[in-house]
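Chemist: Compute the structure for the input listed below.
(chains A and B)
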Amino acid sequence: MAQSDVLLKLKGVKTYFFTDEGTVHAVDGLDFQVRRGETLGIVGESGCGKSVTSMSILRLLGKTGKVIEGEIMFDGENLLDLSEEEMRKIRGNRISMIFQQPTTCLNPVFRIGEQIIEALQIHQGLSGEEANKRTIELLTLVGLPDPVRRMRSFPHEISGGQAQRVMIAMALACNPELLIADEPTTALDVTIQAQILDLMRELREKVNTAIILITHDLGVVAEMAENVMVMYAGKAVEYAPVHALFEAPKHPYTQGLIASTPVLGNVRDELETIPGQVPSLLNPPAGCRFASRCAHKMDQCTQEEPPLIKLEGDRLVRCWLY
Amino acid sequence: MTVYLIRRLFQAILVLILSSAVIYSLFALAPGGPLEELTQVTDPKNRPSPEDIQRQIKLLGADKPWFLWYPTWLAGDTWMDKIGFEEYQGERKGILRWDWGTSWKFQRNKPVLEIIGDKLPDTLWLMISSTIISLVLGIPLGVFSAVRQYSFFDYVLTTFSFIGLSLPAFWFGLLIIAVSLWFKRNGWFYFPAGDILALRNYEVPILGTVVAGSLLDRVMHLVMPVTVLSMLNLANWSRFMRASMLEVLSQDYVRTARAKGVKERVVIYKHAFRNALIPLITIIVFAIPGVFGGALFTETVFNYKALGFTFISALNLKDYPLAMAFLLISSILLVFATLLADVLYTIVDPRIRLD
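Modeler: This next block holds a predicted model:
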């Protein structure tokens, strides 16, 4: 049982982009797993490889990107070994995805209903009538008011929050086992953010979908996730249950990240910042990638890359301090 | 939508009145003119008498004060008595009442609308076939090229369209005429180098005798000018389509479609193509006035005596009524095309509403 409990397992995944300027090591050896029904938060600043990870899982990296090493086991199958056609049958069906800018993610020339129906017809082969009915159900499920009329709306006629509800409805259309949410609330107003998060939590209970929640917003992770993986410059630097992470962050980067989050009611003149910049992924430095910005830097850090060190309480951290 | 259309119609009328005034002024202000030839004859035997010249001036209506010229052209002079100019009362109805005047030189005394009507079918043959060929080939080529960006095919197409855009029509025309004549001299299959239709039956290898004036004869004569025109449009439109498609393929909703498990073919031809076509409307619709105008250079090079050729001749011959009719009809079509483009946008792009 323990084995089949794991839905998704990444082992040593390396995704590189081959550009004119050189090879970008966007994801450089990533291991993590998601159990059925679990919500895993992936946190990190822009450009740390969060989104590339999700695109690697769905194999939608475009022409320049490629997973050059590792395996992505989904329900016992390596997604990297599947044919394009087999992979297509998984996308939107068993693994689906929602994105950051819901308004630009919907095709402007097709009605909302058509776009959801399309997913249903591709994967479930529903007839027009059935697909129609199911679409109304889905739109009701995600709390879109007046779904019958809304189906006939074009994407520009609805707000960003409503568009994200539509995207979620589309993603859930085929009852996926895994939902990848890439910054699902970043582009939305704060009040709408809360509504969308509530909706996702509610749906997680109803549909029992595992969720990978990618965000740079620690607040969102704290609210939604059970486990958190912190990424930095293409690598996982810390992995921990969510409460443990916030109570006692182990990696200096995680500590900096949490310290730089504004806390409501706690008035300070300046927020903490992490000095320095993310290293170029074209030529990642040897040793620990965070070393140049780290307050606890030791000689060892620039010479040898720390492994993921197991700590008690199901935690992993990539740092020589432990 | 209806309100918008009515408003646009009024705007269109205003634009047309303005452009007709500009067209008229340009011709009125141009140096030389219809009387030049009468006054500048040096041969005493052919020199018109002052009475002849006066009669000609009256015939042209140039004896009127200048501020009555344009109104006469526009609305005729049958109503001059009503505004106190009985002496200028005449028979003209003006272009508003469908009296566009008669040709001065090109085909003397023939109504200009009749001349244009006679030449129109030949121009339509030429322009419509080249437009259709360019669209039918150009759009798929552009899409294909965008989908395979930086592939061998893409490089071939972009190079080809670069050459097509750079070649002047008259040069390319002369080149293929030369090639065709060389083929003919060697006794190989060839296309006739000029004219709209042949005067006499002629022999072509493979096809045998081509009957002058038959459909086959027409097609044979169309091939080369259509090739030249299509080459230009094809280069232009395929490039445009490629750029538009590339733009759309990088949009978020294309990624959504892929993430939804849509087949790549459907992603391209349904999700992306529909969006990529939107900017193409402008280009296609503005080909309409071009269809009327004919192809000035191409028609001249191939001695294809249709509208473009007639327009050039009218200008050279100082045949003002004919030349002005051309310009006016072109501006009407242009205004109409703009309106059509606006309406088409609302049909293709749901984000655009005309209110």
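Chemist: hey, let's count contacts and neighbours off CA atoms from now on
Modeler: OK.
Chemist: Give me the mean pLDDT for stretch B:184-194.
Modeler: This predicted structure assigns stretch B:184-194 an average pLDDT of 89.
Chemist: I misspoke; the intended subject was stretch B:201-208.
Modeler: Taken as a whole, stretch B:201-208 has an average pLDDT of 85.
Chemist: That stretch: end-to-end distance?
Modeler: Counting by C-alpha to C-alpha, to the nearest Å, you get 10 Å between the two ends of stretch B:201-208.
Chemist: now stretch B:49-67
Modeler: One end of stretch B:49-67 to the other measures 28 Å (C-alpha to C-alpha).
Chemist: got a list of contacts for that stretch?
Modeler: B:Leu35, B:Leu38, B:Thr39, B:Trp69, B:Tyr88 (C-alpha atoms under 8 Å, 6 or more residues apart in numbering or on different chains).
Chemist: If you count neighbours, what's buried in that stretch?
Modeler: Buried positions in stretch B:49-67, judged by neighbour count with 16 or more other C-alpha atoms under 10 Å in any protein chain shown: B:Gln56, B:Gly61.
Chemist: Spell out which parts of chain A neighbour chain B.
Modeler: Along chain A, the residues adjacent to chain B under the rule C-alpha under 8 Å from any C-alpha of the partner chain are A:58, A:60, A:88-93, A:96-97, A:104-109, A:119, A:122-123, A:154, A:156, A:171.
Chemist: Among those residues, which are located in strands?
Modeler: Filtering the residues of chain A next to chain B for membership in strands, criterion DSSP state E, returns A:Ser96, A:Met97.
Chemist: Among the residues of chain A next to chain B, which lie within helices?
Modeler: A:Leu58, A:Arg88, A:Lys89, A:Ile90, A:Thr104, A:Cys105, A:Ala119, A:Ile122, A:His123, A:Ala171 (DSSP state H).
Chemist: Can you check what pLDDT the model gives the third one?
Modeler: In other words, A:Lys89. Looking at A:Lys89, its pLDDT stands at 92.
Chemist: Who are the contact partners of the residue lying closest to it once chain neighbours are set aside?
Modeler: Of all residues beyond its chain neighbours, the one nearest A:Lys89 is B:Gly261 (6.1 Å), with distances taken as C-alpha to C-alpha, 6 or more residues apart in numbering or on different chains. Contacts for B:Gly261 (C-alpha under 8 Å, 6+ apart) come out as A:Arg88, A:Lys89, A:Ile90, A:Arg91, A:Gly92, A:Asn93, A:Ala119, A:Ile122, A:His123.
Chemist: would you say B:Gly261 is within a strand?
Modeler: No - the secondary structure assignment for B:Gly261 gives coil rather than a strand, going by DSSP: H, G, I helix; E, B strand; the rest coil.
Chemist: hmm, back to that, could the contacts of B:Gly261 go into CSV alongside neighbour count?
Modeler: Shown next, in CSV, are the contacts of B:Gly261 (neighbours: other C-alpha atoms under 10 Å in any protein chain shown):
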residue, neighbour count
A:Arg88, 22
A:Lys89, 17
A:Ile90, 20
A:Arg91, 25
A:Gly92, 30
A:Asn93, 26
A:Ala119, 27
A:Ile122, 18
A:His123, 20
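Chemist: Tell me the buried residues in the lowest-mean-pLDDT helix or strand in chain B?
Modeler: Ranked by mean pLDDT, DSSP states H and E, the helix or strand of chain B with the weakest confidence is helix B:36-39, at a mean of 74. Buried residues in helix B:36-39, defined by neighbour count with 16+ other C-alpha under 10 Å: B:Leu38.
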